[in-house]
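In: predicted structure and sequence below. I'll ask about it afterward.
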Amino acid sequence: AYVEYDGPIAPIRQPLDSGAAAGALQEAMNASDDLKAIIGIHDAGMGAQGNERSGVAIRNRQRESDVSTFHFIDNLARAVRHGGRILVDLIPQVYEKDRIIRILGEDGSPEQIQLGQPIVWKDAPRVFDLAVGSYDVVVKAGPSYSTRREEAATQQIEFIRAVPQLAPDMLDILAKNLDWPQADKLAERIEKKMNAPQGPAPELLKEQAKGQVTMQIEAARMQASTQQKQADAQVDIQKFQAEAALKAQAEQIQMQHQAGIEREKIASNERIKAAQIQADRETTMLELASGILAAREGVKGVNLTNSSTLDQHAQAISGPGQLFDVLTEIQSLAQNMSLPKRDANG
C-alpha cells in the first residue's frame with residue numbers, strides 16, 4: 001500500500017510506537033489506588049515512599065495498613081495455634097524420657113534441654129517432663145523478632161539522642177538490638193565492662209594498700225624519730241636553761257657577796273676613820289686638859305707634849321663633870337689671855 005500525494009514535499013509519517021497513551025496510564029494509576037484502598041495496604045505499609053513526609057505520618061499510615069489487613073494475620077494465628085495443640089497432644093507420645101532436645105529462644109538462639117532429669121536452667125532447678133501435666137498453646141502474630149529488634153534499636157537511638165546522659169546505662173541493650181554481624185559479642189563485652197567493679201583491678205588495689213601500709217609505717221617511724229628529736233631538744237633546752245639559771249644565781253650570789261664585802265670594807269674604813277677621829281679628839285681634849293691642870297698648878301715651862309706628863313694629867317680628870325669644868329676653865333683662860341695687860345693706875 002502506498003499514499004499518493006501531490007506537491008514537492010512528501011507527507012511526514014507518524015510513528016505507531018510513540019508510547020502508552022496518557023489516558024491508559026491514568027487508568028492504571030487509578031486502578032492501583034483502588035486496590036490499595038480496598039485491601040488497606042498503602043505505599044508506606046509496603047515500604048514505598050508515599051505522600052507522607054514526617055515519621056509520625058508514616059507510622060500512622062503503616063498502622064492503618066496493619067489494621068485493615070488484621071483479619072489475615074488473625075486467621076494465620078488461629079491456624080498456628082491449632083497446629084500447636086496437635087503437637088502438644090503428640091509430643092508426650094513421641095518424646096520419651098532421657099532425651100536431649102533443641103529449643104529456640106525468642107531471638108532464634110538454640111539451646112539444649114535434658115528431658116526427664118533435674119537440671120539448672122536460667123539459674124533455677126528445673127525438671128522438664130512433657131508426659132506430666134497438661135499444656136496449652138499461646139500464639140502471638142505480628143512483626144518478626146528481627147523487625148521488632150530493628151524498631152527497638154531505632155527508638156533506643158532516638159531516646160539516647162534525647163537523653164544522652166543515660167547512654168552508658170543502655171549501651172549493651174542497644175548493641176543486642178543492632179542488626180549486623182557479631183552485635184551479640186559487642187553486647188557481651190559492653191555488659192562485662194559495665195558489670196566490672198569500678199576502680200582499679202584487685203591486684204592494683206592490693207599493691208596500693210601495701211604501698212599505703214608501707215608509707216604509713218615510714219610516716220609513723222619518721223614521726224616517732226621527729227618526736228624523739230624534739231624531746232631531746234626540749235631536754236637540752238631545759239638543761240641549758242637550768243645551767244644558765246644556776247650560773248646566773250651563782251653570779252648573783254657572788255656579786256651580792258662581793259658587794260657585802262665592799263660594804264663591810266667601807267663600813268670598816270668608816271669605823272676606823274671614826275675611831276681615829278675620836279682618838280684624835282680625845283688626844284686633843286687630853287692635851288687641853290693637861291694644859292689646864294698645869295696652869296692651875298702653876299707649872300710653867302712644862303712640855304705638855306710629853307706623853308708621860310699627858311698621861312699623868314689625864315689620870316687627874318676623873319669624870320665628865322670635871323672635864324666640863326676643865327673645858328669651861330680653858331675657855332675663860334683663853335679670854336683672859338687675849339685681854340691686854342693694864343698697870344695699877346690704868
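Out: Great, that's in hand.
In: the stretch 51-200 of the chain: helices as residue ranges?
Out: For the stretch 51-200 of the chain, the helices defined by DSSP state H, counting those that start in this stretch occupy 55-68, 70-94, 145-162, 167-177, 183-195.
In: quick check: angle from the longest one to helix 55-68?
Out: Helix 70-94 and helix 55-68 are oriented at 60 degrees to each other (axes from the mean of the first three to the mean of the last three CA atoms, to 10 degrees).
In: now helix 70-94, how far from the centre of its chain.
Out: How far helix 70-94 lies from its chain's middle: 66 Å, per CA atoms, centre = their mean, to the nearest Å.
In: can you list contacts of stretch 183-200?
Out: Stretch 183-200 is contacted from outside by 168-169, 171-173, 175-178, 205, 208, using CB atoms under 8 Å, 6 or more residues apart in numbering. Every C-beta, even on glycine, is put in place using the N, C-alpha and C of the backbone.
In: now render those as JSON lines, adding distance to residue 280 and neighbour count.
Out: Putting the contacts of stretch 183-200 into JSON lines (distance: CB to CB, whole Å; neighbours: other CB atoms under 10 Å) gives the following:
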{"residue": "168", "distance to residue 280": "123", "neighbour count": "12"}
{"residue": "169", "distance to residue 280": "125", "neighbour count": "9"}
{"residue": "171", "distance to residue 280": "128", "neighbour count": "18"}
{"residue": "172", "distance to residue 280": "130", "neighbour count": "18"}
{"residue": "173", "distance to residue 280": "133", "neighbour count": "14"}
{"residue": "175", "distance to residue 280": "134", "neighbour count": "20"}
{"residue": "176", "distance to residue 280": "137", "neighbour count": "18"}
{"residue": "177", "distance to residue 280": "139", "neighbour count": "20"}
{"residue": "178", "distance to residue 280": "139", "neighbour count": "18"}
{"residue": "205", "distance to residue 280": "109", "neighbour count": "12"}
{"residue": "208", "distance to residue 280": "104", "neighbour count": "11"}
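In: now for the residues you listed: which two are most distant?
Out: The span of those, defined through CB to CB, is set by 177 and 208 at 39.3 Å.
In: rewinding a little: redo the contacts of stretch 183-200 as a markdown table? Include pLDDT and distance to residue 150.
Out: Formatted as a markdown table, the contacts of stretch 183-200 follow (pLDDT from 0 to 100; distance: CB to CB, whole Å):
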| residue | pLDDT | distance to residue 150 |
| --- | --- | --- |
| 168 | 84 | 23 |
| 169 | 84 | 22 |
| 171 | 84 | 17 |
| 172 | 83 | 17 |
| 173 | 85 | 14 |
| 175 | 84 | 14 |
| 176 | 82 | 12 |
| 177 | 79 | 7 |
| 178 | 81 | 9 |
| 205 | 71 | 43 |
| 208 | 77 | 46 |
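In: looking at the helices of the stretch 51-200 of the chain, which has the lowest confidence?
Out: With a mean of 72, helix 55-68 has the lowest mean pLDDT of the helices of the stretch 51-200 of the chain.
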